[in-house]
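Q: Please find the sequence and the predicted model below.
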Amino acid sequence: MRSSAAALALSLCLAPPALAGSCAGMGDLLTFIEAEGGYSVPSDCPTVDRSDLLASVPALRSQVGAFIPATGHILLAHDLDTDSTLGRSYLLHELVHAAQYRSGAQLHVRCEGELEREAYRLQTSWLRQKGEFREAMLLDWAADALGRCPGDKMAMDY
């Protein structure tokens, strides 16, 4: 998520938090997040919704997914193919955010950028394990650009 303002805007557009959804079809992603990120595998998962809200909220137009802490929902672009390796990596990224908030990690970071950096790190690690090196490299740039706190310098020099 890019900003608290975007999270607030989306939370106002959504109904009250739904009961957590099934983890069916996410077992491999959750196991990876547990092994690589140290987060516990939940017995229930966030509700995953396909939505055009990402395109309608200006701060989120360029995103294919978002985790909304206020509701516990994951929103995915309606045209994201979660059967593809790249599409599943975006679901994994949002599941990392859900795990971060479930564990209280957001209370122990300097800024939201640190949460983004970790989500991208796990996403790119998963992509590399699947042999998707080009996509991982491109997302490394996003991790560096979006995973900074105010005052941090770019880690990579392009």
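A: Alright, I've got the coordinates.
Q: Show me which parts of stretch 94-109 are buried, residue by residue.
A: Across stretch 94-109, burial judged by 16 or more other CB atoms under 10 Å covers 94, 95, 96, 97, 98, 99, 100, 101, 105. The way it works is simple: take the backbone N, C-alpha and C, and place the C-beta from them, glycine included.
Q: hang on, I meant stretch 46-56
A: In stretch 46-56, counting by 16+ other CB under 10 Å, buried: 46, 47, 48, 49, 51, 53, 54.
Q: from the middle of its chain, how far away would that stretch be?
A: Distance of stretch 46-56 from its chain centroid, counting by CA atoms, centre = their mean, to the nearest Å, is 13 Å.
Q: Pull the CA coordinates from that stretch and hand them back as PDB.
A: C-alpha atoms of stretch 46-56 as PDB (Å, rounded to 0.1, in the frame of the first residue of the first chain):
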ATOM      1  CA  PRO A  46      -7.900 -12.600   4.500                       C
ATOM      2  CA  THR A  47     -10.800 -12.300   2.200                       C
ATOM      3  CA  VAL A  48      -9.500 -11.900  -1.400                       C
ATOM      4  CA  ASP A  49     -11.800  -9.800  -3.600                       C
ATOM      5  CA  ARG A  50     -11.500  -9.000  -7.300                       C
ATOM      6  CA  SER A  51     -12.200  -5.300  -7.600                       C
ATOM      7  CA  ASP A  52     -12.200  -2.300  -9.900                       C
ATOM      8  CA  LEU A  53     -11.600  -0.100  -6.800                       C
ATOM      9  CA  LEU A  54      -7.900  -0.200  -7.500                       C
ATOM     10  CA  ALA A  55      -8.500   1.600 -10.800                       C
ATOM     11  CA  SER A  56     -11.000   4.100  -9.200                       C
END
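Q: Now for the spatially most central residue of the chain: which residues touch it?
A: For the chain, the residue nearest the mean C-alpha position is residue 94 (2.5 Å; CA atoms, centre = their mean). Neighbour list for residue 94: 46, 48, 65, 66, 67, 74, 76, 119 [criterion: CB atoms under 8 Å, 6 or more residues apart in numbering].
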